[in-house]
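Trainee: This is a predicted model, with the sequence first.
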Amino acid sequence: MVCVYNIPQLKLKPSYRSLGYDRKNMAQRKEIGILQESELPEAQGFPDLSATGSELIYGLYDRPPIVESFFVAVQHVLAAFVGIVTPPLIICTSLGLDPANTSFIISMSLLASGICTFIQCKTFGPVGSGLLSLQGTSFAFLGAILGVANTAIQAGRTPEQALSLIFGVCFFGAFANVMLSRFLHLLSKIVTPIVSGTLVMLIGISLLKTGITSLAGGTVALQNNTFANAQNMAVGGGVFLIVIVLTLAKNQYIRMGAIAIGLLIGYIFAAFMGMVNFSVFSTLSLISLPVPFRYGMSFEFSALIPFLILYPLTAIESVGDLTATSMVSKEPIAGPVYIRRIKAGVLADGLNSSLAALLNTFPITTFSQNTGVIQMTGVGSRYVGFFVAGILAVLGLLPIVSGAFQSIPQPVLGGATTVMFGSIAVAGVKIIASENLDRRSTIIIAVSLALGLGVVFVPELFNNQPAIIKNMFASATSTGGLTAILLSWLLPPNPTPAASSVVAEDGEIVDI
């Protein structure tokens, strides 16, 4: 997942003993000269032990007491909960789905996240990293899904038929990650930081329209002429400011929970102002059981194109998230164990996304929020992940949970998500800024942004084109992403300047 929370910097000082090394014994062996370089923890892929930071209380394979495991698991759930339910809520709202279907899809997102988290933490053969790594609905696919959905509805399909197409392309597209997991070493040559950074920027910028529209009241407000009225702007703007202030707080827990706290405060104020629709709860059942293929599953290759671009992007993000989790868990970040875990984690991402589509929800990816929770709690045990999985699955079976989020007024949701979408765009800028921007890179970024955002600003561009063209270029991520990949492949690299040489005073030729 694209990280939209402020995660503390990773400054750790792992315990030699927790890694299986006796510090005193190693010091004695080093003093008498019998300690080999290959025996050092760093040589075997473990994090740098010279860094400073706190010790882990429980390592990856430790089993904390049940009560402690539960409370740590709750912190992980709170950090990831909003990120899991927000994408399906935005998609369902944009499609105009009725409360019953919206509640069902949000519930299935929670259930799928629980099942997939268990697979990722437990491992089944070559599937699953075995780390304390959460799985949740990915924001990266939001623009592409909305693009495919809008194109389908404009072609005369019902929202349910649009969902059928979405789940079909999500199911088959996920196998891109299944195959890529075997060739991760080649993926970086195709999706460079310039390409991935541009894609992440496009995801964030293109979603800002959705966030601002919600902040001002949403599509319903556009229809009843209450869009951007004083009440909507006051509530949406208030939540927007609250999230910003909390994000700048010194307390790590407040920073990580800024979105959730902002939503809660906004919800309470909106309820007092009569903006919350509590009638949603009257239509909900006590338990929501999974119904695979509830909306069917259709397929169009043209609609698959943006997903084939985005899945490799999420694979690269998962590598980064899994590496960070390995680091804070004091596990190898190099070597064969690390490589196996990374490949197994990305493989799990792909298979989990296919499973999510079968359960009527959207692509699943590795979350980054839990990395900060591991560092703050000092608990890196994957055993806690089983509790996280259980909590998410139970919440997914309770429609009242999805109903609570479904009843959130659009201005409250928009106030919080606008900050999130802006943060996604900034994350893309940071990725690009990490590279040396030469003329070639500048052209790739400029052309990709121009075309990607162009189709968002002028959606009528393809009104008279065949359906296959509309689907292929329906979103900023598909148009801009495809452009970035093609330019990165086709444009010749900048020539390396030849070294100049001068003759020194002593007659020796020196390259400069």
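Mentor: Yep, that arrived.

Trainee: The longest helix seen in the chain - what's its average pLDDT?
Mentor: Counting residues, the longest helix found in the chain (DSSP state H) is helix 66-95. For helix 66-95, mean pLDDT rounds to 88.

Trainee: Would you tell me what the next helix or strand after that helix is?
Mentor: helix 99-122 (DSSP states H and E).

Trainee: for that following helix, packing partners?
Mentor: helix 66-95, strand 135-137, helix 159-173, helix 336-358, strand 364-366, helix 382-396, helix 399-406 (3 or more C-beta pairs under 8 Å, 6 or more residues apart in numbering; DSSP states H and E). For every residue, glycine as well, the C-beta is placed using N, CA and C.

Trainee: Show me the one of those that comes nearest residue 412.
Mentor: Minimum separation from residue 412 across the helices and strands packed on helix 99-122 (C-beta to C-beta) falls at helix 399-406, 10.5 Å.

Trainee: do you know how far residue 204 is from residue 140?
Mentor: Residue 204 sits 10 Å away from residue 140, taking C-beta to C-beta, to the nearest Å as the criterion.

Trainee: Give me the more crowded residue out of the two.
Mentor: Between residue 204 and residue 140, counting by other C-beta atoms under 10 Å, residue 204 is the more crowded of the two (25 against 22).

Trainee: Buried residues of the host helix or strand of the more buried one, list them for me.
Mentor: Assessed by DSSP H and E, residue 204 sits inside helix 193-215. In terms of neighbour count (16 or more other C-beta atoms under 10 Å), helix 193-215 has its buried residues at 194-215.

Trainee: Give me the packing partners of the helix or strand that it is followed by, helices and strands only.
Mentor: Later in the chain than helix 193-215, the nearest helix or strand by DSSP H and E is helix 218-223. Applying 3+ C-beta pairs under 8 Å, 6+ apart, we find helix 218-223 packed against helix 66-95, helix 410-433.

Trainee: So which other helices or strands are in contact with the last one?
Mentor: Contact partners of helix 410-433 among helices and strands, from 3+ C-beta pairs under 8 Å, 6+ apart: helix 66-95, helix 193-215, helix 218-223, helix 230-247, helix 258-272.

Trainee: let's go with 7 Å and repeat that
Mentor: In terms of contact count using 3 or more C-beta pairs under 7 Å, 6 or more residues apart in numbering; DSSP states H and E, helix 410-433 is assigned the packing partners helix 193-215, helix 230-247, helix 258-272.

Trainee: and for the last one, what are the contacting residues?
Mentor: Identification of contacts with helix 258-272 by C-beta atoms under 7 Å, 6 or more residues apart in numbering yields 78, 81-82, 235, 238-239, 242-243, 246-247, 276, 408-409, 412, 415-416, 420.

Trainee: And stretch 306-315, by the same measure?
Mentor: With contacts defined as C-beta under 7 Å, 6+ apart, stretch 306-315 is touched by 138, 140-141, 144, 147, 169-170, 173-174, 176-177, 180, 187, 191, 196, 199, 346, 349, 365, 475, 477-478, 481-482, 485.

Trainee: Could you list the domains of the protein?
Mentor: Taking automatic domain parsing as the criterion, the chain consists of the domains 12-55, 66-490.

Trainee: Could you tell me the least trusted of the ones you listed?
Mentor: Of all the domains of the chain, mean pLDDT reaches its minimum on domain 12-55 (a mean of 44).

Trainee: Would you agree residue 414 is in contact with residue 217?
Mentor: No. Residue 414 is beyond contact range of residue 217, at 8.2 Å (criterion: C-beta atoms under 7 Å).

Trainee: Those two - which one has more neighbours?
Mentor: Neighbours were counted for residue 414 and for residue 217 using other C-beta under 10 Å; residue 414 has more, 29 against 26.

Trainee: Any figure for the gap between that one and residue 90?
Mentor: Distance, residue 414 to residue 90, by C-beta to C-beta: 10 Å.

Trainee: cool, and residue 104?
Mentor: Noted for residue 104: a distance of 16 Å to residue 90, by C-beta to C-beta.

Trainee: Pick out whichever of these two has more residues nearby.
Mentor: Taking neighbours as other C-beta under 10 Å, residue 104 and residue 90 compare with residue 104 leading, 25 against 21.

Trainee: The more buried one touches residue 288, doesn't it?
Mentor: Yes. At 6.0 Å, residue 104 and residue 288 qualify as touching, with contact defined as C-beta under 7 Å.

Trainee: Now the buried members of the contacts of stretch 306-315.
Mentor: The buried subset of these (16+ other C-beta under 10 Å) comprises 138, 140-141, 144, 147, 169-170, 173-174, 176-177, 180, 187, 191, 196, 199, 346, 349, 365, 475, 477-478, 481-482, 485.

Trainee: Where do the strands of the stretch 401-512 of the chain begin and end?
Mentor: 501-503, 509-511 (DSSP state E, counting those that start in this stretch).

Trainee: Report the buried residues of stretch 354-364.
Mentor: Buried residues in stretch 354-364, counted by 16+ other C-beta under 10 Å: 354, 355, 356, 357, 358, 359, 360, 361, 362, 363, 364.

Trainee: correct me, but the first one touches residue 172?
Mentor: Read that as residue 354. No. Counting by C-beta under 7 Å, residue 172 is not a contact partner of residue 354; they are 8.1 Å apart.

Trainee: re the thing from before, does anything pack onto the longest helix of the chain? Which helices or strands?
Mentor: If you count contacts as 3+ C-beta pairs under 7 Å, 6+ apart, helix 66-95 packs onto helix 99-122, strand 135-137, helix 142-154, helix 258-272, helix 369-377, helix 382-396, helix 399-406.

Trainee: what about residue 99, how many neighbours?
Mentor: The burial count for residue 99: 19, using other C-beta under 10 Å.

Trainee: likewise residue 293?
Mentor: Counted with other C-beta under 10 Å, residues neighbouring residue 293 total 12.

Trainee: Checking it next. Helix, strand or coil?
Mentor: Recorded secondary structure, residue 293: coil (DSSP: H, G, I helix; E, B strand; the rest coil).

Trainee: Provide a list of residues in contact with the closest residue to it other than its chain neighbours.
Mentor: Spatial nearest neighbour of residue 293, excluding adjacent residues (C-beta to C-beta, 6 or more residues apart in numbering): residue 358 at 6.8 Å. Contacts here follow C-beta under 7 Å, 6+ apart; on that basis residue 358 touches 171, 292, 293.
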